[in-house]
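Student: Need the 3D shape of this:
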Amino acid sequence: MTGVPNWHSRYAPPSVYLDGVRVNEPFGDVVNWDMLPEAAIARVHLVSGSNPLYGLNALGGALALQTRSGLDESGIEAELSGGMAGRRRADLSWGGRTADGWHGFAASTLFAERGWRAASNGRLGNLFLKGGHAGSNANWSVSLLLAHSRLIGNGLLPSWSEDDGVRQNGLYEQDRRAVYTYPDTTVNHLRQAAFQFEQRLGHGFKLAAGVYLRASRRATVGGDVNDDYADAVDACSANAAACGADPEQSAALHPASLNTTATHQVGRGANLVLHGARAAHRFDLGLSIDHSRVDFAQFEQDAWFTPQREAIADPQAARTAGSSVTGSQRTLGAYVFDAWALDAATSLTAAARMNLAHVGNTLATEEGPQAPEAFTYRHFNPSLGVTHRSGALTWYANAAQANRVPTVIELGCADPAQPCRLPAGLQSDPYLKQVVARSFETGLRADWGGVEANAAIYRSVNRDDILFISSGVSRAGYFANFDRTLRQGAELGVSGRVASLRWRAAYSYLDAVYDSDGALFTGTRTVQVRPGTRIAGLPRHTLKLGLDWEATPRLSLGADLQAQSPLATQGNEDGAIDDEGTRADWSVRGFALLNLHASWRPAPGWELFARASNVLDRRYETYGLVAADLFPGGTLLRPQAGAGHAAPSRFVALGAPRLLTAGLRYRF
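Tutor: Down below sits the predicted model:
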């Protein structure tokens, strides 16, 4: 899409709103994309840069999703599709309105798949309902969202390792569809209700208000290598003379642990906005208040691995409670926005927002409950932009600032004296600074009678970014502020039409680096970063090409190509793979994927469609991480003399193989 920035690599993850309700979860500020009602989405508006109007944590911009309504949707739409990997999906929606302004809309999705990897079956379902009334001076609507999912998050696979300069293939090369350890299941439940009201006041003024209530539950089950077992393997490889001294004690070690978590989150809030227009000005005055509460607990039980690396709980082992936290956050925001038309060709936009947040936590660890902690954060964020149009060209520039406060998960693991075994562990909650992002962007847009083009350059600096830092203890670390991270780059896009052909091309260059000295803990080693060290997982170059052909009025064919350059691997950002400084290039290779799609409309209202992704079945990876492989060749290492050691390996996130999907859509 021409003119839309590549936000997922250009900045941090965005704030996401559904009909004005922020859907980032309060515990870790993550977005559960499986909980969004895809069949009910009408429009997606992407706001790039650190826009202060979208509240806290909008460092990476914002996505504003607007749902469909009976006001502009009439009739029923049904879609059934299926494909490889046991994929099945059904979407159904209905919309309608009466002559006197009453309207209603409903949409539902059911989805299930076997998955293309082992033990990867998943399912989800959601129901979205919306109704209201549109009058001459007032509109109101009520919406309800119910969603449930049970999805598998099988993670990275060891690709290959190096031991004494000899490279060995890993589980990924043996079996592309394998999983390292499992289960890795996440079950989500969501209930959300929202009320929106709009009153026209006359003389160019309009008042809008909204309230919402959002409750979610999340349960996870993960089968992982037991830390004590991994330590025993490490100790054995470091001191072979002591290995196997007590075979019975060695055999009694549980190699696996079954880790479970339970999270309950409740959020509620309200907003009030006054829209106005006077002469050359269009302005908004807004006020928002949000309150959230989080209850989190995690548990662990010793387990055994099957030959297929599934963790099975030991029925004789007790289920022990780990860290838990009860936290809350209250946020108040006030903002002003003004769009000023200086003349017919030039406009100026200015905005400012004041954020006030109060975060409180009560933590409990294996040592017992800790004293409650509370922190207050304040910040004033401005933005300024200008747009000038001259013929077919439009030039724009904007500068903005936004901030985010630490989440419960970060405050719960922020003490160097009490490091966490994993980022998800909670130990203590000392103070962390809020992150402040400043971004600048300038560019051109052009429309030359059927050919549209855009070009932009940007720069975004995060000060006091929050990263996971090494504590100097094996596999342990803590969250801490990092002085500066930098993302800057350029984007080019062009699209057009020639007869029955539509074409498009987009290119992105991204320089994402650490911008100060520091040390990062990455799972097995400490990486000493310097200004200019690349951030893992973000490609420098991304290219997208697309072509659509209307072969006949009823038949459409299309293809698109997606390509990206190599990625820096986490733990190898400095070019080393261990703390002894062994040099190796373990970056993730670049790739190019070809996708095809087709649509045939045999009769009014009917449509048959098909999609083929990764048509050439390319083997590719989307992320890399240096970690110790305790299953070389798929077989568990034993803490015994001569059993070997867990060599550093490059784990990778797997890209999907060729997948075919076909379906039928009917509108009436």
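Student: Check what pLDDT the residue lying closest to residue 535 once chain neighbours are set aside gets.
Tutor: Take residue 535 and drop its neighbours on the chain: the residue closest to it by CB to CB, 6 or more residues apart in numbering is residue 512, 4.4 Å away. Just so you know, the C-beta spots here come from the backbone N, C-alpha and C atoms, and that holds for glycine as well. Looking at residue 512, its pLDDT stands at 93.
Student: what about residue 512, distance to residue 543?
Tutor: 17 Å (CB to CB, to the nearest Å).
Student: And for residue 69?
Tutor: According to CB to CB, residue 69 stands 37 Å off from residue 543.
Student: mind checking the longest strand of the protein?
Tutor: Ranked by residue count under DSSP state E, the longest strand found in the chain is strand 281-305.
Student: partners of that strand in the sheet?
Tutor: According to DSSP bridges, strand 281-305 forms sheet pairs with strand 256-278 (antiparallel), strand 311-313 (antiparallel), strand 320-341 (antiparallel).
Student: That strand: how far from the chain's middle?
Tutor: 14 Å (CA atoms, centre = their mean, to the nearest Å).
Student: try stretch 379-393
Tutor: Using CA atoms, centre = their mean, the offset of stretch 379-393 from its chain centre is 28 Å.
Student: The residue nearest to residue 535 is in contact with residue 538, isn't it?
Tutor: Yes - here residue 512 reaches residue 538: they are 4.3 Å apart, a contact under CB atoms under 8 Å.
Student: Please identify the helix or strand for the residue nearest to residue 535.
Tutor: strand 501-514 (DSSP states H and E).
Student: C-alpha coordinates for that strand, CSV please?
Tutor: Extracted as CSV, the C-alpha positions of strand 501-514 are listed here (Å, rounded to 0.1, in the frame of the first residue of the first chain):
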residue,chain,number,x,y,z
LEU,A,501,-3.0,-4.4,-15.0
ARG,A,502,-2.4,-2.8,-11.5
TRP,A,503,1.1,-2.8,-10.2
ARG,A,504,2.9,-1.6,-7.1
ALA,A,505,6.4,-1.5,-5.6
ALA,A,506,7.7,-0.5,-2.2
TYR,A,507,11.2,-0.4,-0.7
SER,A,508,12.3,0.3,2.8
TYR,A,509,15.8,0.9,4.3
LEU,A,510,16.0,0.7,8.1
ASP,A,511,19.1,1.4,10.3
ALA,A,512,18.1,0.1,13.7
VAL,A,513,21.0,0.2,16.2
TYR,A,514,21.9,0.7,19.8
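Student: Packing partners of it?
Tutor: Helices and strands touching strand 501-514, by 3 or more CB pairs under 8 Å, 6 or more residues apart in numbering; DSSP states H and E, are helix 7-10, strand 477-498, strand 541-550.
Student: how big is the angle separating that strand from strand 541-550?
Tutor: With axes from the mean of the first three to the mean of the last three CA atoms, to 10 degrees defining the directions, strand 501-514 sits at 160 degrees from strand 541-550.
Student: Name the next helix or strand downstream of strand 501-514, please.
Tutor: Taking DSSP H and E, what comes next after strand 501-514 is strand 518-521.
Student: Could you tell me the average pLDDT over the helix or strand following that following strand, please?
Tutor: The first helix or strand that comes after strand 518-521 along the chain, using DSSP H and E, is strand 526-529. For strand 526-529, mean pLDDT is 86.
Student: In contact with the residue nearest to residue 535, which residues?
Tutor: 9, 485, 486, 487, 534, 535, 538 (CB atoms under 8 Å, 6 or more residues apart in numbering).
Student: Neighbour count: residue 69 and residue 543, which is higher?
Tutor: The residue with more neighbours, out of residue 69 and residue 543, is residue 69; 21 against 16, by other CB atoms under 10 Å.
Student: The more buried one - that's part of a helix, no?
Tutor: No - Residue 69: not assigned to a helix; according to DSSP: H, G, I helix; E, B strand; the rest coil it is coil.
Student: For it, give me the pLDDT.
Tutor: 94.
Student: show me what contacts it?
Tutor: Applying CB under 8 Å, 6+ apart to residue 69 gives the contacts 42, 95, 103, 105, 130, 132, 141.
Student: let's see it at 10 Å
Tutor: The neighbours of residue 69, taking CB atoms under 10 Å, 6 or more residues apart in numbering as the test, are 19, 40, 42, 95, 97, 103-105, 130-132, 134, 141, 143.
Student: How about residue 486?
Tutor: Contact analysis of residue 486 by CB under 10 Å, 6+ apart lists 459-462, 465, 511-516, 531-532, 535.
Student: Apart from its chain neighbours, what residue comes closest to it?
Tutor: residue 515 (4.2 Å).
Student: Tell me the spacing between that neighbour and residue 630.
Tutor: With distances taken as CB to CB, residue 515 is found 35 Å from residue 630.
Student: mind putting the strands paired with strand 281-305 in TSV, mean pLDDT included?
Tutor: Formatted as TSV, the strands paired with strand 281-305 follow (pLDDT from 0 to 100):
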stretch	mean pLDDT
strand 256-278	93
strand 311-313	93
strand 320-341	90
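Student: Now tabulate those strands in TSV and tack on distance to residue 657 and mean neighbour count.
Tutor: Shown next, in TSV, are the strands paired with strand 281-305 (distance: least, CB to CB, whole Å; neighbours: other CB atoms under 10 Å):
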stretch	distance to residue 657	mean neighbour count
strand 256-278	29	18
strand 311-313	26	19
strand 320-341	37	18
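Student: and of those strands, who's closest to residue 664?
Tutor: Between residue 664 and the strands paired with strand 281-305, the shortest gap by CB to CB is with strand 256-278, which sits at 37.9 Å.
Student: could I get that closest one in CSV with only the CA atoms?
Tutor: Coordinates of each C-alpha in strand 256-278 appear next as CSV, following Å, rounded to 0.1, in the frame of the first residue of the first chain:
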residue,chain,number,x,y,z
ALA,A,256,11.9,-31.2,32.2
SER,A,257,9.6,-28.8,34.0
LEU,A,258,6.0,-28.1,33.2
ASN,A,259,5.5,-24.4,33.6
THR,A,260,2.0,-22.9,33.8
THR,A,261,0.8,-19.3,34.2
ALA,A,262,-2.6,-17.7,34.9
THR,A,263,-3.3,-14.0,34.2
HIS,A,264,-6.5,-12.1,34.8
GLN,A,265,-6.8,-8.6,33.5
VAL,A,266,-9.6,-6.0,33.9
GLY,A,267,-9.6,-2.6,32.3
ARG,A,268,-12.1,0.2,32.2
GLY,A,269,-12.1,3.7,31.1
ALA,A,270,-13.8,6.7,29.5
ASN,A,271,-13.0,9.5,27.1
LEU,A,272,-14.5,12.9,26.2
VAL,A,273,-13.7,14.9,23.1
LEU,A,274,-14.9,18.3,21.9
HIS,A,275,-14.5,18.7,18.1
GLY,A,276,-14.7,22.2,16.7
ALA,A,277,-14.2,24.2,13.5
ARG,A,278,-13.7,27.9,13.4
